[in-house]
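J.: What shape does this take:
(one chain, ligands or ions: 1)
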Amino acid sequence: MIQLKDIGKTYPPRQGFDGVTALEGVNLTIEKGDIFGIIGRSGAGKSTLLRLVNGLESPTSGQVWVDGEEITRLEERDLRFARQKIGMIFQHFNLLWSRTVWENVAFPLEVAGKSKTEIKRKVDGLLERVGLTDRANAYPSQLSGGQKQRVGIARALANDPKVLLCDEATSALDPETTTSILKLLKEINRETGITLLLITHEMSVVRSICHRVAVMEEGRVIEKGTVKEVFRNPVHPLTRQLVHQTEEEGEGKGLRIRCEAGNFPALWHSLRQAVAGRQVTVRVLEGELNEDGGIVLVLEGDLEQAEKALREAAPDWVEEGGISLVP
Ligand SMILES: Nc1ncnc2c1ncn2[C@@H]1O[C@H](COP(=O)(O)OP(=O)(O)OP(=O)(O)O)[C@@H](O)[C@H]1O
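T.: Below you'll find the model as predicted:
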């Protein structure tokens, strides 16, 4: 769905500032329906890359393709049309403050010249989808951060884009709101098959929503792969650092266990009973329910209670080794 071929981007020198090479030799392929994360520290080139995808910026060398069209060759008029297939949400929401929630979502439909009936049908449906029907007449200043981002998402989806670009979309939100926004994005991806490309500096965002990830440093992609692979076996020192940092921040911290996929349904059932009333929650971290797959679970909270719960839920398996503890 999105292809970046041998991209280079240099900002020319201006007003006493040297020229900057923001991107060099970047090759990326993002499949239709994928949730693809680009992570890197400040200045790595993430925003530049995102702006190339919607044609707000042109590369110095290389090609950008979106949905079979070479964005880098389009004239301004065709580019405007192509951009309707590409929605975008922002860290600071970029809402129109003098318009209500309803009017914000209607805006891109008005620009696209849709009829009043079509606009009403579409906006009502989108507000319902993002859970804001009862806030339709509110102004952005009357909303919480999470609600503002929901408006941003509804507005970005108004013209049924095939791609949604997310620029640090949860960086201004608290952890709980971040979780609910990421959940919403995941659901929308599942329901509509939209391709999500998100940039972030938080590995926890990548872990909780992305299928694939590319790590950037100084304008280059230094590592890419499935999130599972990258978390299990980070190669580049920066990737290791990012993965390690996530673990230190408490993501996936606790008693980790790995069970064979065949044991999973029964274990899940008994674990849920065993943790009830204890300060312990069970989360699935990764895995596949196929014949020789394994599932990694984490029991978070009070470690002692977690161990007790595990022994209670699966005394035989723990002894016999059908479940292993992951370091
Ligand atoms: N319009 C511009 N003109 C000149 N240099 C720029 C411009 N935009 C970005 N840069 C430079 O290009 C490099 C990459 O910046 P970019 O914003 O793409 O990185 P980033 O990873 O998104 O960082 P951040 O998260 O801080 O935005 C930086 O050195 C930045 O200073």
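
J.: if I pick the closest residue to the ligand within the stretch 151-300 of the chain, what's in contact with it?
T.: The nearest approach of the stretch 151-300 of the chain to the ligand comes at H201, 6.2 Å away (CB to the nearest ligand atom). Bear in mind the C-beta positions are built from the backbone N, C-alpha and C, glycine included. For H201, the contacting residues are 39-42, 168, 171, by CB atoms under 8 Å, 6 or more residues apart in numbering.

J.: hmm, which of those are the buried ones?
T.: 39-40, 168 (16 or more other CB atoms under 10 Å).

J.: can you redo these as CSV with pLDDT and distance to L126?
T.: As requested, these are arranged in CSV below (pLDDT from 0 to 100; distance: CB to CB, whole Å):
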residue, pLDDT, distance to L126
I39, 94, 29
G40, 92, 32
E168, 91, 22
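
J.: mind listing the strands for the stretch 51-200 of the chain?
T.: Remark: strands assigned in the stretch 51-200 of the chain by DSSP state E, counting those that start in this stretch are 61-66, 69-70, 86-90, 163-167, 195-200.

J.: Mind checking those strands for the one nearest to D34?
T.: Minimum separation from D34 across those (CB to CB) falls at strand 195-200, 5.7 Å.

J.: now check the following helix or strand past the closest one, is it near the ligand?
T.: As assigned by DSSP states H and E, the chain's next helix or strand after strand 195-200 is helix 203-209. No. Applying CB under 6 Å from any ligand atom, one finds helix 203-209 separated from the ligand by no less than 13.2 Å.

J.: for helix 203-209, what is the average pLDDT?
T.: Mean per-residue pLDDT for helix 203-209: 87.

J.: can you offset everything so residue one is 58?
T.: Understood, numbering begins at 58; the last thing we discussed is helix 260-266.

J.: Could you name the helices and strands sitting against it?
T.: strand 92-97, helix 232-249, strand 252-257, helix 284-289, helix 294-305 (3 or more CB pairs under 8 Å, 6 or more residues apart in numbering; DSSP states H and E).

J.: low-scoring stretches of the protein, by residue?
T.: 304-310, 347-349, 375-384 (pLDDT under 70).

J.: ok, 50 please
T.: Within the chain, no stretch falls below the threshold (pLDDT under 50).

J.: what does the domain assignment say about it?
T.: Annotated domains of the chain cover 59-306, 311-382 [the TED database].

J.: now the shortest one, how far from the centre of its chain.
T.: From the chain centre to the centre of domain 311-382 is a distance of 27 Å (CA atoms, centre = their mean, to the nearest Å).
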